[in-house]
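J.: quick one, what's the 3D model for this:
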Amino acid sequence: MLKMRLQRTGRKNNPSYRVVVTDSRNAVSRGRSVDLIGSYDPKMGRVQIDKDKATHWLSHGVQPSDTVYNMLIAQGIVEGRKKNVLPKKSPIIDEAKIKAEAEAKAAEEAAAKAEAEKAAALDVAEEAVVEETSVTEEPVAA
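T.: Just a heads-up that it's a prediction; the model follows:
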């Protein structure tokens, strides 16, 4: 099966990559690639992929690696959502942030409850004033 993946080139501490189509059984470092599609320079953030070649190989059933797939989406060659390239890593859990969010939510709920109680007390006071005025304004029989 053919795969579309990255082949590292460049010197030590200065990586650059080629986007190649190669047999999945071959190591990419051996240089037995079927076709060179583009390049990627992570230090400069530059991705160059030949759109015609990429669509040609994808139409022939070549499976891109997750990183190359994300690059193809960024270039607009493939439609879809990006894949998580590090699924085995667990997400970093910031307990202090979670605790602060919980406290903020509790404070917000307490403020909303206090506001509701204040509004209810104000409604009761208004009703008492309305009843008092209606009692004093009764017609006097002459």
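J.: CA atoms for contacts and neighbours, from now on please.
T.: Will do.
J.: okay, and the beta partners of Ser39?
T.: Using DSSP bridges, the bridge partners assigned to Ser39 are Arg18, Gln48.
J.: in the protein, what residue spans correspond to strands?
T.: For the chain, strands defined by DSSP state E occupy the ranges 2-11, 14-23, 33-41, 46-49, 63-64.
J.: dump the ones you listed to a markdown table, plus mean pLDDT.
T.: As requested, the strands of the chain are exported to a markdown table (pLDDT from 0 to 100):
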| stretch | mean pLDDT |
| --- | --- |
| strand 2-11 | 92 |
| strand 14-23 | 93 |
| strand 33-41 | 92 |
| strand 46-49 | 94 |
| strand 63-64 | 94 |
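J.: map the structural domains onto the sequence of this structure.
T.: According to automatic domain parsing, the chain comprises the domains 2-75, 90-137.
J.: format these as TSV; extra columns: distance to Arg81 and mean neighbour count.
T.: Output for these, formatted as TSV (distance: least, CA to CA, whole Å; neighbours: other CA atoms under 10 Å):
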stretch	distance to Arg81	mean neighbour count
domain 2-75	8	16
domain 90-137	19	11
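J.: rank those domains by mean pLDDT and give me the bottom one.
T.: Sorting the domains of the chain by mean pLDDT places domain 90-137 lowest, at a mean of 79.
J.: how far is that one from where the chain is centred?
T.: Offset of domain 90-137 from its chain centre (CA atoms, centre = their mean, to the nearest Å): 34 Å.
J.: which one is the residue most central in space within the chain nearest to, not counting chain neighbours?
T.: By CA atoms, centre = their mean, the mean C-alpha position of the chain lies nearest to Lys82, the distance being 9.4 Å. Distances taken as CA to CA, 6 or more residues apart in numbering place Asn70 nearest to Lys82, at 5.2 Å, with adjacent residues excluded.
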